[in-house]
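Q: Next come a sequence and a model predicted from it.
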Amino acid sequence: MTMTSPQTTRSGTELAELDRKYLVHPNLHGAISNRCVLVRGQGCRLWDADGTEYLDGTAGLWLVEVGHGREEIAEVAARQMRELAYFTSFWEFSNDKAIALAERLTELAPANLSKIFYTSGGSESNETAIKAARLYHFRRGEPQRRWILSRQFAYHGVGYGSGTATGLDQYHHGFGEGIPEVEHLTVPYPFHEEFYNGQPATDFLIAELEATIERIGAENIAAMIGEPIIGAGGVIVPPDDYWPRVRTVLKKHGILMIADEVVTAFGRTGSWFASPDAGMEPDMISVAKGITSGYVPLGAVLMREDIGEVIAGEDGFHHGFTYYGHPVACATALENIDIIERESLATEAKRKGELLRAELAPLADNPLVGDIRGRGLLAALEFVADPQTRAPFEFPVGEGLADLLRDEYHVIVRELGPVVAMSPPLVITDDQIRRLASAIRDAVGRLRPDGTFEAS
Ligand code: PLP
């Protein structure tokens, strides 16, 4: 099928000017003035306002699992808007789609997670999980159990609770104090063995965890939160024994485990959920993003039956967002989940991820490429300034690898410091994977040690 260029009444230049005038963008360096204004998407293809076609190598922000432009989802959402676009689910109100989705989520989740709390996104899911963990202990007679253990390099969102749990420095500058009683542990980062004082990484990390629990006092700790595989911190896959050993320690001390699966759930790593595979045995799972493939905003916390019952106990859970159980979002999620199942997208993510990494493998010979890693359709290249010390490579602002790939190759990837991350829609074709990898191989081949690129 040939795609006609998108219909828009304004040119890319005009839109970029208006964007600069009106929009405050997240995470945009002030020195960058160009804009990439997108107007249409289909599968893994995107078009900007001037009709230039791009290959989507990031699924937006790790989430358009079923690809862009799915008619089935548009139909379901439109039907639901006509039927019942919105009513609250506070108090005793509810709606049929919120109930059906809860039923579906509990069928897919680990068996002990059978209560659902809806949110509008990932930060809200983690705010909810942190508050639920504290309230659970409070209601059970341990009100002092408030500490939350997190990790450096973690990304849990930008609310005051979720943002405090986030372990990336730039999210903490200039906002004053975060919430009290949050501790960041060392990241499990196999590529950076120098972080662990010559010890095997997991031994070091478990010793640190135990010492931290001893220092704070197990009786004061509510929960630990972690992504099974760190996403925005740099697509960091922990050693296989990390989560099972962390779990054992937490269990011994009655500390809850919150798995932040905002990026990893709904097929991206090859399963519906990554945390059971990782050995986390979560008491709660935070989700968002892939639950609707981003067609409309939705998030949720899946929790253990008894946690749900305790927090909803006599006094109720005094916490909730206007869009809790939004009927259009829940109907969309049901259709999205059906597509993921019908098209075996989780199994496909596993196979396609292997193909993508195999296609990227020749880059291992480039001294600036320190590591090629990932799981399923989460993949990353880590660049090093010095292969010996593994000192991070610095791409110049606005002129990095992702900029070059977008502007010259029309391929969208994401730069996270020295890491270049890929997380394409799970419907990406094998040919598109080859095109993505070939563009990256070519662009990396042009990279000079000073961060500039040779002309093509
Ligand atoms: N948790 C993880 C692991 C994420 O990657 C993100 C967003 O990228 C969030 C939480 C926050 O989600 P949101 O941006 O929907 O608030």
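A: Happy to help now that I have it. Numbering: from 1, shown residues only.

Q: do the longest helix along the chain and the ligand meet?
A: Counting residues, the longest helix in the chain under DSSP state H turns out to be helix 122-139. Yes - in terms of Cβ under 6 Å from any ligand atom, part of helix 122-139 sits within range of the ligand, namely Gly122, Ser123, Asn126. All C-beta atoms are positioned from the backbone trio N, CA, C, and that covers glycine.

Q: Those residues of the stretch 201-350 of the chain touching the ligand, which are they?
A: With the criterion set to Cβ under 6 Å from any ligand atom, the stretch 201-350 of the chain comes near the ligand through Glu227, Gly231, Ala232, Asp260, Val262, Val263, Ala288.

Q: May I ask which of these has the most neighbours?
A: Using other Cβ atoms under 10 Å as the neighbour criterion, Asp260 leads those with 31 neighbours.

Q: Show the pLDDT at it.
A: The predicted local distance difference test score for Asp260 is 99.

Q: Phi and psi next, for it.
A: Asp260 has phi and psi values of phi -90, psi 100 when expressed as degrees, to the nearest 10.

Q: my read: it touches Gly226, true?
A: Yes - because the distance of 6.5 Å satisfies Cβ atoms under 8 Å, Asp260 is recorded as touching Gly226.

Q: okay, and the common contacts of the two?
A: Common contacts of Asp260 and Gly226, defined by Cβ atoms under 8 Å, 6 or more residues apart in numbering, comprise Ala154.

Q: picking that back up, a markdown table for the residues of helix 122-139 next to the ligand, including pLDDT?
A: Listed next are these as a markdown table, based on pLDDT from 0 to 100:
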| residue | pLDDT |
| --- | --- |
| Gly122 | 98 |
| Ser123 | 98 |
| Asn126 | 98 |
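
Q: Of the residues of the stretch 201-350 of the chain next to the ligand, which belong to strands?
A: Within those, residues falling in strands by DSSP state E are Asp260.

Q: tell me which of the residues of the stretch 201-350 of the chain next to the ligand is nearest to Ala59?
A: Taking Cβ to Cβ as the measure, Ala59 lies nearest Val263 of these, at 10.1 Å.

Q: what's the distance between the closest residue to the ligand within the chain and Ser286?
A: Checking the chain residue by residue against the ligand with Cβ to the nearest ligand atom singles out Gly122 as nearest, at 2.2 Å. Here the distance between Gly122 and Ser286 works out to 7 Å (Cβ to Cβ, to the nearest Å).

Q: higher neighbour count, the two?
A: Between Gly122 and Ser286, counted using other Cβ under 10 Å, Ser286 has the larger neighbour count: 32 against 27.

Q: ok, the more buried one - contacts?
A: When contacts are taken as Cβ under 8 Å, 6+ apart, Ser286 is in contact with 122, 125-126, 128-129, 156, 258-262, 299-301.

Q: continuing past the strand or helix carrying it, what's the next helix or strand?
A: Under DSSP states H and E, the secondary-structure element containing Ser286 is strand 284-287. On the C-terminal side of strand 284-287, the closest following helix or strand by DSSP H and E is strand 299-304.

Q: buried ones in the following helix or strand past that following strand?
A: Proceeding C-terminally, strand 299-304 gives way to helix 305-311 as the next helix or strand, assigned by DSSP H and E. Residues of helix 305-311 classed as buried by neighbour count (16 or more other Cβ atoms under 10 Å): Ile307, Gly308, Val310, Ile311.

Q: Kindly spell out which helices and strands sit in contact with helix 305-311.
A: With contacts defined as 3 or more Cβ pairs under 8 Å, 6 or more residues apart in numbering; DSSP states H and E, the packing partners of helix 305-311 are strand 113-119, helix 122-139.

Q: Residues contacting the longest one, please?
A: Under the contact criterion Cβ under 8 Å, 6+ apart, helix 122-139 has outside partners 117, 119, 143, 145-146, 148, 156-159, 161-163, 165, 222-223, 225, 256, 258, 260, 262, 284, 286-289, 299-301, 303, 307, 310-311, 313, 317, 319, 321.

Q: secondary structure element for the closest residue to Leu298 other than its chain neighbours?
A: In space, not counting the residues next to it along the chain, Leu298 is nearest to Ala329; the distance is 3.8 Å by Cβ to Cβ, 6 or more residues apart in numbering. Under the assignment given by DSSP H and E, the secondary-structure element containing Ala329 is helix 327-342.

Q: list the helices and strands that helix packs on?
A: Helix 327-342 makes packing contacts with helix 71-84, helix 96-108 when contacts are defined by 3+ Cβ pairs under 8 Å, 6+ apart.
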